[in-house]
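**Q** quick one, structure for this:
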Amino acid sequence: MIDAVRLTGEFTTDWEMDHASITEQEIRDWYNDRHRSRGEDAWRPPEAYPVFLEYLGVTGTGKLLDVGCGTGHLLRAAADRGLETFGTDISEEGVQVARRTSPASQVAVGKGEELDYGDSEFDYVTCIGALEHFLDMRKGFREMLRVARPGGRLCIVVPNSNFLYWKLRGDKGTEQHDINENLMSLTEWHDFFKKENLEVLRVHQDRWLMKKARVFSNWNPFGVTKRTVQKLVWALLPLGMTYQFVFVMRKQPA
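**A** The predicted structure follows:
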């Protein structure tokens, strides 16, 4: 829940008030441990990423930057479509994984709040589940806009503070909540993005959790029934109560 406005990052969230002592190095260590222990399986599998290129309307030409590129699966999918691909991540271990996953991509260690690229350099900018973990989300988002060309498209995935499952369980977010995670509602995220010089084209439901759930992962009748009901409920959830939002946006001319 947004409870205040500040000049530097625009918003002060409940998380920021409770986790003010979290340092950049602690965040980097958490992600290094994750990538070191899980490698290419640290996040979503390869087949979960091409949908984001579809949302962007990728034509097979141009340059794409993935901010918080993690394991590099999105970079690989984009490179396979003919794009010139670049990635950046705060985790040194993650960058090593991404370089192995997508050897055709140029991947570097770096903060999302300080992108080491020129103005208006990219046709596409993606950030899949990373922006909410920045220490300064506003600065990070403005950096993404800075490096996108006028008319360029951005695809950013962010979590929903009103996710029904979390509400029912009393959860406060994902497993990354304890280290660094900011949650907002659909309206709050929309307002966050609209403060900048861009056009929100579409907002999609992030359906990956629903798709990866296997109804017949075992043949226990109770389990099959439970997973069937869960998938049905998930499919019928209104956008404002879903897990994550996929914002597709276009940078306006200066």
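**Q** contacting residues around the closest residue to Met241 other than its chain neighbours?
**A** Leaving aside its chain neighbours, Met241 sits nearest to Leu164 (4.4 Å; criterion: C-beta to C-beta, 6 or more residues apart in numbering). Using the backbone N, CA and C atoms, a C-beta is placed for each residue, glycine as well. Leu164 makes contacts with 237, 241-242, as judged by C-beta atoms under 8 Å, 6 or more residues apart in numbering.
**Q** how about Leu239?
**A** Residues in contact with Leu239 (C-beta under 8 Å, 6+ apart) are 186, 203, 205, 245.
**Q** return the helix or strand in this structure with minimum mean pLDDT.
**A** Every helix and strand of the chain was ranked by mean pLDDT, DSSP states H and E. The lowest is strand 2-6, at a mean of 31.
**Q** quick one, helices of the stretch 51-200 of the chain?
**A** Ranges of helices within the stretch 51-200 of the chain are 73-80, 92-101, 137-147, 164-169, 186-194, based on DSSP state H, counting those that start in this stretch.
**Q** which helices and strands does the longest strand belonging to the chain pack with?
**A** Counting by DSSP state E, the longest strand found in the chain is strand 148-159. Strand 148-159 sits against helix 50-56, strand 122-128, helix 137-147, strand 244-251, with contacts defined as 3 or more C-beta pairs under 8 Å, 6 or more residues apart in numbering; DSSP states H and E.
**Q** next, the angle from the third one to strand 148-159.
**A** Taking axes from the mean of the first three to the mean of the last three C-alpha atoms, to 10 degrees, one finds that helix 137-147 is oriented at 150 degrees with respect to strand 148-159.
**Q** would you mark the buried spots in helix 137-147?
**A** 137-145, 147 (16 or more other C-beta atoms under 10 Å).
**Q** stretch 94-112 now?
**A** Buried residues in stretch 94-112, counted by 16+ other C-beta under 10 Å: 94-99, 101-102, 105, 107, 110-112.
**Q** could you do stretch 60-71 as well?
**A** Quick answer for stretch 60-71 (16+ other C-beta under 10 Å): 62-71.
**Q** end-to-end on it?
**A** From its first residue to its last, stretch 60-71 covers 22 Å (C-alpha to C-alpha, to the nearest Å).
**Q** and for stretch 51-61?
**A** End-to-end distance of stretch 51-61 (C-alpha to C-alpha): 17 Å.
**Q** same question for it, mean pLDDT?
**A** Taken as a whole, stretch 51-61 carries a mean pLDDT of 93.
**Q** likewise stretch 153-167?
**A** 92.
**Q** pull out the buried positions in that stretch.
**A** 153-164, 166.
**Q** now distance to His190 too, for those residues, in a markdown table please.
**A** Shown next, in a markdown table, are the buried residues of stretch 153-167 (distance: C-beta to C-beta, whole Å):
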| residue | distance to His190 |
| --- | --- |
| Arg153 | 17 |
| Leu154 | 14 |
| Cys155 | 15 |
| Ile156 | 12 |
| Val157 | 14 |
| Val158 | 10 |
| Pro159 | 14 |
| Asn160 | 12 |
| Ser161 | 13 |
| Asn162 | 13 |
| Phe163 | 16 |
| Leu164 | 19 |
| Trp166 | 19 |
